[in-house]
Structures are given as C-alpha cells and as structure tokens.
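# Sequence below, structure please.
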Amino acid sequence: MRVEKVVTSGTFSLDGGTWEVDNNVWLLGDDDEVLVIDAAHDAERIEAAVGGRRVVGIACTHAHDDHVNAAPALAAATGAPVLLHPDDEVLWKLAHPSATPGGALADGRILRVGGVDAHVLHTPGHAPGAVCLYVPDLGALFSGDTLFQGGPGATGRPYSDFPTIIASISRRLLTLPAETVVHTGHGADTRIGAEAPHLEDWIRRGH
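Sure, this is the predicted structure:
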C-alpha cells in the first residue's frame, strides 16, 4: 500500500470570483487498484498516475469546483463511480449541472482499497458535505479543505460556516492519534499532534 500525490493547477470559482489554485490529488492504493481522492483540473494527468490500475472510486472531499472539475472525465475514462456526500450536491450542480455523482459518501461508510479501509468522516464547515477519509492502518487522514497545516479551511464563502468547521475539527479530527499524518487538499502535509494545540487560537482568530 502507498499514498501518492499529484499536484494539478487550475482555477477555483465561486460567488462571482475566480482564483488560480494548485490542488493535491491523492491516490491511495497498491499495484492493482487505487482510490482517487479529489479529481482536480486534469483528468489525463490523473489517469496517467493511475497507470492502468483499477480505480475503485473517485472520492470527493467536497464539491468546490477545483476539487471536482475533472471528476466526470476521469469517471468516463476509468469506469469508476464519483462518490460525494449528498449535502454537497448544491455545490456539485454549480460545477456540473448535467452530471450526477455515482454514489454517496455517507458518514461511517468504509471504502476498501488494496486491503485497507478508508473511513468516511462527515466534517462540514468548509462545505456542508465536506468529508475526510481516515485510514487507520496507514495512520493517514485525507482532509480535503477541512484542516491544513496551520489551521482550518476557509469559511468566508457561501455554504460555509466557521463554528461548524471548528466543531468538525475538534470532535472528529483532533480526537485521532497525534501521529496521524494529514494529507491536505492544498499545500503541505501536517500531523494531528501539530495542529491540536492551536484550537483555542483558531477560535479566537475566527471571532
């Protein structure tokens, strides 16, 4: 089993604004099969990184367009279902009005790939249907835009809420083992133990 990262570049658009962004696309798998986490910007490049392995699913940590804009094309190329929490369908429709996800990332669902289990944790706040994927066997968390090195994801856009993201992080993420590696949606990795001491500072800054 291994975790691979592909960095893709494009734009994020919401509420009348557009920004240039680099996204982390994560591949969790072995030599035979792989789970793609957040198909951003470049379906051909992601498919090349898959390298002919069976794609068991295309998991979306949330449906902001920079995290899902390549998902339908990757699904068509690989035959894998796009998986999204139902609470983010409103954001999905902004990015893909005529496409629908192929399955639901309900809280507590387990995605099995390469002999390990990825547990779906519903962590709303950055987006209503935001999820993280926790892989206990690897000591790894795929946090999307919920938790970054240095603090929580942004909550200044529609469908986001600061108290909700703080509750999600404190109740669902900071309770994980301190050594858990956090693979984020943008930028560098961190660890749960590095972020946990700063919760009160985040709350103060948020107010």
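
# gap between the two ends of stretch 165-175?
15 Å (C-alpha to C-alpha, to the nearest Å).

# what residue ranges in this protein score low on pLDDT?
206-207 (pLDDT under 70).

# Now do the helices in the protein.
43-50, 65-68, 71-78, 89-95, 162-168, 192-195, 199-206 (DSSP state H).

# I'd like to know which of those is closest to residue 122.
Of all the helices of the chain, helix 162-168 sits nearest to residue 122, with 7.8 Å by C-beta to C-beta. All C-beta spots, glycine's among them, are computed from the backbone N, C-alpha and C.

# Any buried residues in the closest one, and which?
Residues 162, 164-166, 168 are the ones in helix 162-168 that count as buried (16 or more other C-beta atoms under 10 Å).

# ditto for stretch 52-72
53, 55-72.

# most tightly surrounded among the helices of the chain?
Counting by mean count of other C-beta atoms under 10 Å, helix 65-68 has the highest mean neighbour count of the helices of the chain, with a mean of 26.

# Using PDB, write out every CA atom in it.
Extracted in PDB, the C-alpha atoms of helix 65-68 (Å, rounded to 0.1, in the frame of the first residue of the first chain):
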ATOM      1  CA  ASP A  65     -15.200  23.100  -8.500                       C
ATOM      2  CA  ASP A  66     -11.400  23.000  -8.100                       C
ATOM      3  CA  HIS A  67     -11.800  19.600  -6.400                       C
ATOM      4  CA  VAL A  68     -14.300  18.000  -8.800                       C
END
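
# That helix - contacts with which helices or strands?
On a contact count with 3 or more C-beta pairs under 8 Å, 6 or more residues apart in numbering; DSSP states H and E, helix 65-68 meets strand 2-14, strand 17-29, helix 89-95.

# what does it rub up against?
Residues outside helix 65-68 that contact it (C-beta atoms under 8 Å, 6 or more residues apart in numbering) are 10-14, 21, 23, 38-41, 60-61, 82, 84, 91-92, 94-96, 144-145, 185.

# Distance from it to the middle of the chain?
The chain centre lies 10 Å from the centre of helix 65-68; the measure is C-alpha atoms, centre = their mean, to the nearest Å.

# Kindly report the same for stretch 93-113.
The answer for stretch 93-113 is 12 Å, by C-alpha atoms, centre = their mean.

# Same check on stretch 192-207?
21 Å.

# beta partners of residue 58?
Partner residues in beta bridges with residue 58, using DSSP bridges, are residue 36, residue 82.

# Name all residues that make contact with it.
By C-beta under 8 Å, 6+ apart, the neighbours of residue 58 are 36, 39, 71, 74-75, 78, 80-83.
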